[in-house]
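1. Pasting the sequence and the predicted coordinates here, then a few questions.
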Amino acid sequence: MSYPWQKLGLNADQQADSVLAAMTDDEKFAWLSGPMAIPLHKGEKIPAEAIGSAACYPSIPRLGIPAIQQSDASLGVSALGGVRPGDHATALPSSLALGAAFDPDLAETSGKLLGREAFCKGFNVQLAGGANLIREPRGGRNFEYISEDPLLTGIIAGHNVRGIQSQHVVSTVKHFALNAQETGRVVADSRLNEAALRESDLLAFELAIEIGQPGAVMPGYNLVNGEWASENAFLLSKVLKGDWQYPGWVMSDWGATHSATKAARAGLDVQSGSNLDECAWFDHPLREAVARGEIDGSYIDQMIHRILRSLFACGAIQHPAQRGTPLDYSWHQLMVQREAEQGIVLLKNAQQTLPLPPELSRLVVIGAHADQGVLAGGGSSAVTPQGCLQLEGVDFMGIQTPKVYHPSSPLAAIRRNSLAKKVDFVSGDSIEEALNTAQGCEAVIVFAQEWRSEALDAQGLDLDDHQNLLIEQLAAVHPKVIVVLQTGGAVTLPWLNKVSAVLEAWYPGSGGGEAIAGVLFGRTNPAGRLPITFPASEQQLPHPKQVDPSTTTSLPGVKVKGDIFQIDYNVEGADVGYRWFERQQQKPLFPFGFGLSYTQFSYDDLQLCQSSDTVTASLTLTNCGGRSGSEVIQLYIRPTSGRYPSRLAAFRKVFLAPGESQRVSLRLEPRVIAQWETTKQLWHIVAGEYDIFQATDAATPGLCGTLTINAQTFGYRVA
Ligand code: BGC
């Protein structure tokens, strides 16, 4: 049998129209709102065709259209609440680790793996693509986001989405926009002026959408400048669908729709998780709004067109997902191990403590269940691979999400990577036991952990007192203490001066244990760079104390919304993270972009030029150390007048053998050089002198040049 959309030569828009023309009103409305496809209460019904996941919209067999099966998220194909017993998945390293790798190709490969697993499990929409800027260092979901910088976030998220969609699986980008904290997330009103918004959070999404062309965009739970993101006409109609000419569909976050007419008019196409809302707004209320003439019937067709167009553009209809296709999980585990290795950041390495020589005879590994696995973040993105350790976590939308340790034991990997006769393990619960076991060991490897989860912000930036005391006391008696951090964001390290080495491994996923051991013993030369600033204390932040509205709940509480409260991001404006630190002339604990290597790199001969509207910088990078390794070339720009603080304008990861040199040329992103002029609604590169410098991190400039840049303005086509 053949369907009209199979006619040769049709593009995605024409294919969408051919299906749309044959759809009934009931079929259309069945796609515009739907419940969570996981039973939240005993006996609760989920859509008939649902595999069991975040959402499922019905198939239309007579038109050759499969059901729309949607699953979370960026870090693997999740099965919230164990909804599909026995269906396990590969856990990817946290998005922060992907950000730390500074590698668009890796981001794409990682997306391909995720898309492939989704496809083989029967999903054709992956709710991946976290592209929020990390504005709030205590944010509970920071591990699902890439960085504090718009260029890095946009490029990495975009390539990741491209990888997912190469597997005929639509990806979203989310949570559009300014959804920076979990505390009161459903009632938080993020305030930021338009120019700053365009230059920071929106720029990250703009780049991600340009590069990745995601089929869907998900607005956040929060409000932006007084309007819910899901019914925010400025965000959805003006910027996304107007300025950026975005052709895909906009689906709300789960339980984040607040109206029918207003939301539809503002640009929302689908109400997701409708059973978590006051009512199924996009069902009867929307039908009635059309009947009353409040919403033109053609609106409904445009919504459906957008969904179909994205599904066709990704090939999700032409190549329907094949549930039950076998997957080679051991191969995937190796791939995510490689990814984790690229994201690990070496923060300290006094007297070249690392890499550890393999011939040490006695080691001890302490803490963080390192005998069993590596930590993962919690919430809708949580993946639960076979054999993982599950401890008590949080209640999330009425579902228990456990604190998960992926079964990749660092202890086992350390034993495999060393020749030591004895590698002990102690839990770290008893400091005395840890101190006793450390005696006589040549090196002490302490694992410190900080668990973060959706729906729950970190309460401050400190590790818990017990872990800090444990490390402090070990460092007081042992000369070689190596700390391996597994955190969901920045933390403070009060014992930093007393320990020998520190690695940040983030949440490293299914191959995490082996990846960590690889760096400890030098099989891998660490090449990760911090995608976020590590503040010395909360006092340095634009918001030293998080807004903690006493009237709201910090848990998802979609039913307990509380009163709306404002968070004023105009304090830092577009100067998020390292830009804020530069503006305030504050020294962080570790700057954005920081990371050590087991080799050394030198830079020479920086040349800058502007030809027509492109600013390019070229330089020569040399590996002048004794080992092969990768360096992340970072180029920053700042008007010589100091009008705005430095911004990352280009980056490139380069792998070099010892003694090898490479001439590298980088194009600076024009929107990073420019400023947004709200009155004229365009980007403006102000003519004048700019300092353009290479730096090993945002606070350590290396080669520097000055370039006079011509004025330039550019905007968007009028919708
Ligand atoms: C999260 C989304 C997720 C959705 C579906 C929400 O709570 O904010 O990121 O995709 O749940 O599980």
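-> Sure thing, it's come through.

2. The closest residue to P645 other than its chain neighbours: helix or strand, and which one exactly?
-> Nearest non-adjacent residue to P645, counting by Cβ to Cβ, 6 or more residues apart in numbering: E582, 4.0 Å away. (C-beta placed from N, C-alpha, C; glycine too.) Under the criterion DSSP states H and E, the helix or strand holding E582 is helix 578-584.

3. what mean pLDDT would you report for that helix?
-> Per-residue pLDDT over helix 578-584 has a mean of 98.

4. List the buried residues of the helix or strand following that helix.
-> Following helix 578-584 in sequence order, the next helix or strand is strand 601-611 (DSSP H and E). Using 16 or more other Cβ atoms under 10 Å as the test for burial, strand 601-611 gives F601, Y603, L606, L608, Q610.

5. List the residue ranges of the stretch 451-600 of the chain that fall below the pLDDT cut-off.
-> Applying pLDDT under 70 to the stretch 451-600 of the chain flags residues 548-561.

6. how about 80 then?
-> 547-562 (pLDDT under 80).

7. returning to what we had before: separation between the residue nearest to P645 and the ligand?
-> E582 sits 32 Å away from the ligand, taking Cβ to the nearest ligand atom, to the nearest Å as the criterion.

8. show me where the stretch 201-350 of the chain has helices.
-> For the stretch 201-350 of the chain, helices defined by DSSP state H, counting those that start in this stretch occupy the ranges 201-212, 233, 261-266, 284-291, 297-314, 329-343.

9. typed the wrong thing, it's the stretch 551-700 of the chain
-> 578-584, 670-673.

10. which of the ones you listed sits most buried?
-> Neighbour counts (mean count of other Cβ atoms under 10 Å) averaged over each of those peak at helix 578-584, with a mean of 21.

11. contact partners of that helix?
-> Helix 578-584 has contacts (Cβ atoms under 8 Å, 6 or more residues apart in numbering) with 148-149, 533, 535, 540-542, 572, 575, 587-588, 591-593, 644-647, 698-699.

12. Show me which of those are buried.
-> 148-149, 533, 535, 540-542, 572, 575, 588, 591-593, 644-647, 698-699.

13. who's in contact with the closest residue to the ligand within the stretch 251-400 of the chain?
-> Nearest to the ligand, among the residues of the stretch 251-400 of the chain, is S380, at 3.6 Å (Cβ to the nearest ligand atom). By Cβ under 8 Å, 6+ apart, the residues touching S380 are A54, D72, A73, S78, L80, L127, W254, F396, T401, E454.

14. is the helix or strand bottoming out on mean pLDDT in the chain anywhere near the ligand?
-> Here the helix or strand of the chain ranked lowest by mean pLDDT, DSSP states H and E is strand 389-396, holding a mean of 85. No: under the criterion of Cβ under 6 Å from any ligand atom, the ligand is not reached by strand 389-396; the shortest gap measures 7.5 Å.

15. strand partners of that strand, parallel vs antiparallel please.
-> Within its sheet, strand 389-396 is paired with strand 399-406 (antiparallel), according to DSSP bridges.

16. And the partner strand, what's buried?
-> Those would be I399, T401, P402, K403, V404, Y405, H406, for strand 399-406 by 16+ other Cβ under 10 Å.

17. Same question for stretch 37-48.
-> A37, I38, P39, I46, P47.

18. who in the chain is up against the ligand?
-> Counting by Cβ under 6 Å from any ligand atom, the residues of the chain near the ligand are A54, D72, A73, L127, K174, D253, W254, S380.

19. switch to 5 Å and redo it
-> Within the chain, the positions lying close to the ligand (Cβ under 5 Å from any ligand atom) are A54, D72, L127, D253, W254, S380.

20. re the thing from before, so which of the buried residues of strand 399-406 comes closest to E194?
-> T401 (36.3 Å; Cβ to Cβ).

21. how about the closest one, what does it touch?
-> Here T401 is in contact with L80, G81, G378, G379, S380, A382, G393, V394, D395, S453, E454 (Cβ under 8 Å, 6+ apart).

22. In the stretch 401-550 of the chain, which residue sits nearest the ligand?
-> For the stretch 401-550 of the chain, Cβ to the nearest ligand atom, closest residue to the ligand: E454, 6.3 Å.

23. among the helices of the stretch 201-350 of the chain, which is the most enclosed?
-> Sort the helices of the stretch 201-350 of the chain by mean neighbour count, taking mean count of other Cβ under 10 Å, and helix 201-212 sits at the top with a mean of 25.

24. outside of that helix, which residues touch it?
-> Contacts of helix 201-212 (Cβ under 8 Å, 6+ apart): 129, 131-133, 135, 150-151, 153-155, 157-162, 165, 171, 173, 176-178, 192, 214, 217, 239, 244, 246, 669, 671-672.
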